[in-house]
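Student: predicted model, plus sequence, below.
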Amino acid sequence: MTASIDKSLMAMQVACAVGGLAFASVAMAQTETSPSAVTTAVKVPTKKATAQKKSAKDAATSEAQDKAVKLQEVTVTGSNIRGVDMETALPTITITREEIQRQGFATVAQLLQNISSAATPDLSRADAGSLGPNQGGSFIDLRGLGAPRTLVLVNGERIGATHGGYTDVSVIPTSIVDHIDVLANGASAVYGSDAVAGVINIVTLKNFNGAEIDTYDGQYMPHEDGRQQQYSVTAGKTGDKGSVVFSASYQNSGLVWAGNRPWSAYPYTNNHPYFGLSYVPPDGGVISGAPASLFPDGKSHTLVLEPGGDSRNIADYYRVTPQTFDPVTGFIDSPANEGGYMYNHNSGEQTTLLSPNKTKNLYLDGTYHLTDNINAHINLGYNQSINGGVGSPSAIYSGFSPNPDYPITLDAHSYYNPLNVPGQTPATLRINRFLPEYLYSNDNSSKNYRYSFGLDGHFGVGDHEFNWDVYTYDSKIRDVDIRNGYFNLIKLTQALGPSFMGANGVVQCGTPGNVIAGCVPFDPLGKVTQQMIDYSRINYEERTGYDEKVAAADFGGNIVELPGGDLTFAVGVQHRSEAGFDDTDPAAYSGYSSAYAVAPNQGSFDLNEGYVEFYAPLLKDLPGAQSLALDVARRWSHYSNFGGTQNNAFKLTWKPFDDLLFRASYSTSFRAPTINDLYQGLYLAGGFTDPCDSVYGPSQYGYSAAVAKRCSSGTAGLPGVPAGFRQTDANGVPVTGAEAYGVTNSYNGGNTNLKPETSYNGDVGLVYSPSWVPGFTATADWWTYNIRNLITGISNDQVLADCYQFGITSACGQFQRQAGTGQIINLMNLETNAGWEKERGWDFGFKYVLPKYSFGQFTLGMQSTYLSSFNLLPAQGAAINYDAGLYSSWRVRGSLTLGWTLGNFGANWTMRYYSPFEGGCAYPPPDSAHPGFACTLPDHYAPGSGVQPLTQYPSATFNDLQVHWNAPWKATFSLGVNNIFNHVGPYIYGGGFNGGTDSYFDYSASYDIGRYVYMQYQQKF
């Protein structure tokens, strides 16, 4: 969006009606009814009307001056046109400053995540396992299409994103927000890349006079955690020569531990408190696959140290036995049923359900009138955010070392090896040990710097008025991410290596006469001291950054008069450059840390864009056509990395009579590959099944004759393999199952050959404001998205299927077969363009502002989204996923609000609703061993996939209440409770579908986690 849009938004109050209901109380502050859900509030007199009141000369002069001002001020989100008597065809939700305060959410992110068109975010503060640069950030996902496909703007300008395409809205303090426009519709013809699912435009305060202090304090009750505090000071001055607004704010959001909520306190919730617990005790280690010579049956077994046992005495270890189940319910209902102490450790208690966050913001916006027709404007912003999180206790686990030269085993001659004693045969042991005193945690510090500067103005030529704007902005993000819980493999190998008891009674690393100076031997099976951890520990440190620079110019005005009004246009050009880097931890990347690492990377691209848009009011004040208008737009974009793309938009509004408005739109959109998509460093991928393996290949690839032929004769430059060929592991031994791991060096990473995602979307709707029911407006909109060439990562098996099963030659070039052995090597599974995503649904809403009564004025409003279809084809040959109503893709999500005001008092009651949905079964049938887990739809049929057992999960409704009082000394007190009944949403078993929680918890990140009580105080001066 252009700066012309940025500067003109300050005089616009979009009357959004129901389609603009952010929450049901959106319309409650409005007393006028409008036939359109999104209509500019300014109506400019026509030439004829003006001429009736003034002389011809005075009328022309007055009109030119008036129109110049209006063209300068009014722009609708979703268009570059500066509207004059203009109604938009796009259903836009507008959330005003007052409505933000009435909802009682501490942050912009919390507010936006509760609109009906928003889905569970890709990442959230509940994403305890991400432990990366995005940890603790707040990202908005419109329509469930992914946060990188939602464009976030401030005053019509991009605010910058991480190099993965995520825009953290927590950098915008609520203290500077005038209103927020949410356009859940593709808009690349207006805004360029990323506006696929929609656009969020945060419009800041303009023409602010006086000062304001805002405070906010709240926490979950009765849990007494997750406290949020926010303090801000805002001051401004507007005069004849310009205006200035300054704001400073501080926010502190406290953590919530997983152990403090029933669904996260246990691996499978409090409904199954003994299920999924670890056999690894919190204060002792495990010997994995102890030598067979220790057991009468001559087989290897896993041993665990008994509580209080001597870790150096092999007799104090007991065999781990399988979990047992109640024969009737299938539940594991007591420790006695689980081998006693051996299955009683719940490491998840040391995990954050909500990670802590501290944010500081400084903001300055100013405008100076250089002349009557020219303004200078500047905008400065600084944000510092400190986020944290705890994933789980750290662990020492043989077999999970990223470097095979450091296998993390306890040396046969370690002093702490229980087999390194008289009477036993020393042997190197595979070990497993949790370390509750050393947590996988994340400290992420992010800084965002932004400035914008420009000039804008207007002028007239005869009866025509024109506006212009030139501006530049620069946004920088710098992030330092420090992760704890890892080990220096060199030091850990020394500490787990040979050691002995020294003459001074202190265990020493090495052997007598060859001591490793400074080394502290590690006892992974017994008592772990802080000195042991401190010697071997190492932090993972990652530094990332992203720069975005823009220079742009816009020009627009009215050309000719049409039957319905002036034909108005807007044109503009823009040059943008983006650059990012990811300096991953050098020790991890070099293989000397227990952390897996991505190779460091950096990259950049630039682009040039131009756009043109026309708004044509075709008819007006005619029978059957009270108004008829067409808006068309085109944007040309040329990227240095992949070339050019064009995107168009067509929008139509028709009002047959005053009470009814029809609107329709069709547009194309795109999402360019991000810096991370293009340049992400290589990292080790998982295993795969070789299509040519004679044992597991045929069944995995559909017993295809085409696959068999390509395997025997070769394909696309790959040699054939002999009959009876077997895939082998890293030791050259034939694999014993499909999806073999450790068989080759296979890598994931970015791909500089990526093309943009493309999309087309449409919307058809109506707005009805019956004159016979004053104060009532209803809206209904049908919408559709169709996204192609998805930028995605696909599995190793999909790469091999593309080559051998579907005959895609380019896929065959992503790996080789080793000469002599025929084994697959160097499989480069990079980001690619594959598959498509289609989504359709409806938005419904209404508002009703009742007449004023002696006992107050009531308002009622509803806003909801119905998801009719959500289909995904992840890659060629894969089954289509039909996800509407599945896995937290709710069919219906909405809100209903009742508001009341009487004098200086007011109250709002809001109900937020999530419909029932179908989700995965924890243990799909037939599974007689787990009857305690519900699988209510065992015969569910999924098109393209066959029978796919599911479970029906119930709906959830959360109720919020706020009361407020406007004090006579220009203050406002607000007291509120969100989720007043402390309702708990349904537990969602099955894993992998909970969104925003990294699958850690059997609960959706969109649901409330408890009753939240807050108080706000605002003082104006």
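Tutor: Looks like it arrived, so ask away. Numbering: from 1, shown residues only.

Student: longest strand of the chain?
Tutor: With residue count as the measure and DSSP state E as the assignment, the chain has strand 429-461 as its longest strand.

Student: check which helices and strands that strand sits against.
Tutor: Strand 429-461 makes packing contacts with helix 3-8, helix 56-73, strand 286-290, strand 374-397, strand 409-410, strand 464-487, helix 530-536 when contacts are defined by 3 or more Cβ pairs under 8 Å, 6 or more residues apart in numbering; DSSP states H and E. C-beta here means a position set from N, CA and C on the backbone, and glycine is covered the same way.

Student: deepest of these, which one?
Tutor: Per-stretch averages of neighbours, counted by mean count of other Cβ atoms under 10 Å, single out helix 3-8 among those, with a mean of 27.

Student: for that helix, the averaged confidence score.
Tutor: Along helix 3-8, the predicted confidence averages to a pLDDT of 34.

Student: returning to what we had before: only the buried residues of the longest strand of the chain, if you could.
Tutor: Neighbour counts using 16 or more other Cβ atoms under 10 Å place 429-435, 438-444, 446-450, 452, 454, 456-458, 460 of strand 429-461 among the buried residues.

Student: could you pull out the helices in the protein for me?
Tutor: In the chain, the helices defined using DSSP state H lie at 3-8, 47-53, 56-73, 97-103, 108-112, 188-191, 489-496, 530-536, 586-589, 675-679, 697-700, 705-713, 796-804, 809-812.

Student: for stretch 797-810, buried residues please.
Tutor: Judged by neighbour count using 16+ other Cβ under 10 Å, the buried positions of stretch 797-810 are Asp797, Gln798, Val799, Leu800, Ala801, Asp802, Cys803, Tyr804, Gln805, Ile808.

Student: if I look at the third one, how far off is Asn826?
Tutor: Pointing back at Val799 there. In this structure, Val799 and Asn826 are 12 Å apart, going by Cβ to Cβ, to the nearest Å.

Student: what is in contact with the two at once?
Tutor: Phe815 (Cβ atoms under 8 Å, 6 or more residues apart in numbering).

Student: Thr321: how many residues sit nearby?
Tutor: A count of nearby residues for Thr321, using other Cβ atoms under 10 Å, gives 15.

Student: now do Phe569
Tutor: By the other Cβ under 10 Å criterion, the neighbourhood of Phe569 contains 18 residues.

Student: what residues does it make contact with?
Tutor: Ile81, Gly556, Gly557, Asn558, Ile559, Val612, Glu613, Phe614, Tyr615.

Student: got the confidence number for it?
Tutor: 95.

Student: show me what it is bridged to.
Tutor: Beta-bridge pairing of Phe569 under DSSP bridges involves Gly557, Phe614.

Student: cool, and Phe581?
Tutor: Under DSSP bridges, the beta-bridge partners of Phe581 are Gly545, Gln602.

Student: what about it, neighbour count?
Tutor: Residue crowding around Phe581 was assessed by other Cβ under 10 Å; the count is 17.

Student: please tell me how far it sits from Val177.
Tutor: Here Phe581 is placed at a distance of 31 Å from Val177 (Cβ to Cβ).

Student: about what we covered before: need the helices and strands packed on strand 429-461 in a markdown table with distance to Asp297, can you?
Tutor: As requested, the helices and strands packed on strand 429-461 are exported to a markdown table (distance: least, Cβ to Cβ, whole Å):
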| stretch | distance to Asp297 |
| --- | --- |
| helix 3-8 | 76 |
| helix 56-73 | 86 |
| strand 286-290 | 12 |
| strand 374-397 | 26 |
| strand 409-410 | 24 |
| strand 464-487 | 35 |
| helix 530-536 | 35 |
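
Student: tell me which of the ones you listed sits nearest to Asn966.
Tutor: helix 56-73 (29.1 Å; Cβ to Cβ).

Student: grab the nearest non-local neighbour of Ile386.
Tutor: Sequence neighbours aside, Lys358 is the residue nearest to Ile386 in space, at 4.5 Å (criterion: Cβ to Cβ, 6 or more residues apart in numbering).

Student: need the contact list for that neighbour.
Tutor: Under the criterion of Cβ under 8 Å, 6+ apart, the contact partners of Lys358 comprise Tyr250, Gln251, Asn252, Ser253, Ser385, Ile386.

Student: take those residues and write them to TSV, including distance to Glu349 and pLDDT.
Tutor: Formatted as TSV, these follow (distance: Cβ to Cβ, whole Å; pLDDT from 0 to 100):
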residue	distance to Glu349	pLDDT
Tyr250	31	94
Gln251	27	92
Asn252	24	93
Ser253	21	91
Ser385	27	89
Ile386	24	88
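
Student: Gly276: which of these is nearest?
Tutor: Using Cβ to Cβ, Ser253 comes nearest to Gly276 of the contacts of Lys358, at 29.2 Å.
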